[in-house]
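**Q** Below is the sequence, then the predicted model.
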Amino acid sequence: MTRTVPRMDALRRGVTGVAARALGLLTVFASSVAHASEADLVLPDFASKSFFGGSINGHQLLLSGIAVCVIGLVFGFMQYASLKNLPVHRAMLEISELIYETCKTY
C-alpha cells in the first residue's frame, strides 16, 4: 500500500493550477500575436445562395431557423410555467429544498 504525503498532494495541485492558468493566458495572448480576430472574417452574401430548388434563399433560411428557436423558447417557458404550478408531494418538496440548500452553499 502506498501513501502520499499531504504536502506533496497540495504541491501537485498547486503546480497543476499554475500550469493551467499559464496555459490559459498563453492562448489568450497567442491570438493577439497572430492578429486573429472574428472581426476580420469575411461572410458570404447569404441572399445570393438558394436552397430547396431555389424556393428559399440563405437569408430566409437563417431567419426561419431563428424563428424555430424562438418558438422553442416560448414552448419551454410555457412548459416550465405549467410544471411549476403542479402540486408536489411533501416528501419530494423537502428533499428538493435540502438539495437546493446544499448546492447553494457551494
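**A** Structure's in. What do you need? The structure displayed is predicted, hence computed values, not measured ones.
**Q** show me where the chain has strands.
**A** Listed in chain order, the strands of the chain (DSSP state E) span 50-51, 56-57.
**Q** Now mean neighbour count, mean pLDDT and distance to Met8 too, for those, in JSON lines please.
**A** Every C-beta, even on glycine, is put in place using the N, C-alpha and C of the backbone. Written out in JSON lines, the entries for the strands of the chain read as follows (neighbours: other Cβ atoms under 10 Å; pLDDT from 0 to 100; distance: least, Cβ to Cβ, whole Å):
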{"stretch": "strand 50-51", "mean neighbour count": "12", "mean pLDDT": "85", "distance to Met8": "60"}
{"stretch": "strand 56-57", "mean neighbour count": "16", "mean pLDDT": "90", "distance to Met8": "63"}
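**Q** With distance to Val70 added, can I get those strands in JSON lines?
**A** Putting those into JSON lines (distance: least, Cβ to Cβ, whole Å) gives the following:
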{"stretch": "strand 50-51", "distance to Val70": "21"}
{"stretch": "strand 56-57", "distance to Val70": "18"}
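**Q** For Leu86, find the nearest of those strands.
**A** With Cβ to Cβ, the closest approach to Leu86 among the strands of the chain belongs to strand 56-57: 40.6 Å.
**Q** before we move on, back to that, quick one: closest of the strands of the chain to Leu26.
**A** With Cβ to Cβ, the closest approach to Leu26 among the strands of the chain belongs to strand 50-51: 41.4 Å.
**Q** what lines up beside the closest one in the sheet?
**A** Sheet partners assigned to strand 50-51 using DSSP bridges are listed as strand 56-57 (antiparallel).
**Q** Mind listing residues that contact the partner strand?
**A** Contact with strand 56-57 is made by 46-51, 64, as judged by Cβ atoms under 8 Å, 6 or more residues apart in numbering.
**Q** Now with 7 Å, please.
**A** 46-47, 49-50 (Cβ atoms under 7 Å, 6 or more residues apart in numbering).
**Q** In a markdown table, list these along with distance to Phe77.
**A** Formatted as a markdown table, the entries for the contacts of strand 56-57 read as follows, by distance: Cβ to Cβ, whole Å:
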| residue | distance to Phe77 |
| --- | --- |
| Phe46 | 29 |
| Ala47 | 32 |
| Lys49 | 34 |
| Ser50 | 34 |
